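Student: Need the 3D shape of this:
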Amino acid sequence: MITMTEIAKLTHVSQPTVSRVLNGSMTVAPEIRERVLACAREHDYQFNALAKGLQGSKTKLLGVLVTDISNGFFADLAKRIEAEARENGYSIILFNSDYNPRNEQEYLDVVRRYRVDGVLAVPIRETSGEWREYVKKLDVPVVTVTRRAKGLDSVYVDHAQAGAMVAAHLLERGFRRFLFIGKDYDGKYVGFRRSLVEIGYGPRTANVVYQDDVQMNRALEDWLGQSLERGAVFAGNDIYALRVLDALRRLEVSVPERVGVIGFDDTSMGRYLNPRLSSVSQPIARMAHEAVARLLDRIDRPGPREALDDPLSASLVIREST
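Tutor: Below you'll find the model as predicted:
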């Protein structure tokens with residue numbers, strides 16, 4: 001990574017001038033300021049906000065990036081990760097991308113500036129080229145949690161297996177039409193649909209890529225109007241499931257007599273709904289423990305090693321909604 005001294009040499013100004021520009025001072029002449037900033041951008045300079053002059057020293061900080069902290073599952077996961085980190089003498093800096101790729105990139109830049117010792121991340125889309133490129137720039141160990149990222153240590157639930165488990169449960173309960181609400185590239189949907197296709201229910205399985213409540217409600221009404229046959233909705237998380245239950249209540253559709261609903265993550269709110277929500281439970285405590293342990297091992301013992309690929313098993317929690 002380029003230093004202030006190197007930027008000074010390349011731009012033919014003094015190192016203190018470079019420092020003032022990069023620290024946001026407006027006292028430098030505009031043409032010099034722009035020359036320094038252009039050089040910094042070209043060479044991907046990242047200001048070390050916490051550890052200037054401490055190269056090689058640990059900050060005892062871990063960056064934690066999640067996709068939606070308003071989702072009770074990720075709040076619980078972050079809480080568990082923080083506890084595991086604290087037990088090992090580390091603190092965390094928590095970031096919430098809100099499923100926005102621009103936010104994700106900005107926060108990964110912040111992680112670089114703060115010189116954290118490692119990163120635990122729930123990527124928005126772990127297969128994207130943009131994600132892989134940003135991870136390469138971090139220069140610290142990265143462990144993905146709840147997602148499988150090729151070439152990186154990953155601690156996650158096998159979503160495809162969980163989706164197949166949901167399909168088997170809904171068939172056993174007598175449902176014969178199916179709707180998944182969530183991303184079509186989600187492993188839950190992939191496993192769910194593949195399992196139904198294998199036994200001939202592919203044409204009776206649909207997917208709604210969630211955008212907002214208006215779009216979801218319209219799609220749900222259309223799906224209900226296509227047949228009176230008993231159907232079930234598999235929601236990609238419990239928040240989606242809660243919104244489905246609310247929509248069905250307004251449409252006066254009985255649950256589970258006409259339509260069953262099952263969520264994912266088994267957050268606490270599902271236990272207090274009426275009807276109580278069936279869901280898929282992930283082993284949050286074990287996931288946090290294994291992810292933090294692997295990250296700290298990478299920090300303490302740097303060097304090339306085979307990436308950890310550790311799929312954990314989910315479990316069904318059956319309640320009144322199915």
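
Student: quick one: secondary structure of residue 127?
Tutor: coil (DSSP: H, G, I helix; E, B strand; the rest coil).

Student: What is the burial count for it?
Tutor: Neighbour count of residue 127, defined by other C-beta atoms under 10 Å: 12. To be clear about C-beta, it is placed using only N, CA and C from the backbone, and glycine gets the same treatment.

Student: and stretch 154-168, how far from the chain's centre?
Tutor: From the chain centre to the centre of stretch 154-168 is a distance of 16 Å (C-alpha atoms, centre = their mean, to the nearest Å).

Student: Does residue 163 lie in a helix or a strand, and which?
Tutor: Secondary structure from DSSP states H and E places residue 163 in helix 159-172.

Student: in the stretch 101-250 of the chain, which segments are predicted with low confidence?
Tutor: For the stretch 101-250 of the chain, no stretch is flagged by pLDDT under 70.

Student: where do the helices sit along it?
Tutor: Along the stretch 101-250 of the chain, the segments classed as helices by DSSP state H, counting those that start in this stretch run 101-113, 129-138, 159-172, 187-198, 213-225, 238-250.

Student: Spell out for me which residue occupies the centre of the protein.
Tutor: What sits nearest the mean C-alpha location of the chain, by C-alpha atoms, centre = their mean, is residue 122, with 3.1 Å.

Student: need the contact list for that one.
Tutor: Applying C-beta atoms under 8 Å, 6 or more residues apart in numbering, we find residue 122 in contact with 65-67, 74, 77, 144-147.

Student: Out of those residues, which comes closest to residue 304?
Tutor: Closest approach to residue 304 among these (C-beta to C-beta): residue 144, at 18.1 Å.

Student: quick one on the thing from earlier: tell me the angle of the helix holding residue 163 relative to helix 187-198?
Tutor: If you take axes from the mean of the first three to the mean of the last three C-alpha atoms, to 10 degrees, helix 159-172 sits at 50 degrees to helix 187-198.

Student: So what touches helix 159-172?
Tutor: By C-beta under 8 Å, 6+ apart, helix 159-172 touches 178, 186-196, 199, 201, 232, 234, 260, 262, 264, 278, 280, 311, 313-314, 316, 318, 322.

Student: Mark out where each domain of the chain begins and ends.
Tutor: Domain ranges of the chain: 4-42, 61-157+284-311, 159-281, per automatic domain parsing.

Student: Return the distance of the closest residue to residue 10 other than its chain neighbours relative to residue 105.
Tutor: Spatial nearest neighbour of residue 10, excluding adjacent residues (C-beta to C-beta, 6 or more residues apart in numbering): residue 39 at 5.3 Å. The gap separating residue 39 from residue 105 is 21 Å, by C-beta to C-beta, to the nearest Å.

Student: between these two, which one's more packed in?
Tutor: Neighbour count, other C-beta under 10 Å: between residue 39 and residue 105, residue 39 has more, with 20 against 15.

Student: any idea how far that one is from residue 133?
Tutor: 21 Å.

Student: burial measure for the nearest residue to residue 268 once chain neighbours are set aside, as a count.
Tutor: Spatial nearest neighbour of residue 268, chain neighbours left out: residue 72 (6.2 Å); criterion: C-beta to C-beta, 6+ apart. By other C-beta under 10 Å, the residues close to residue 72 number 18.

Student: Check residue 225 too.
Tutor: For residue 225, using other C-beta under 10 Å, the count is 8.
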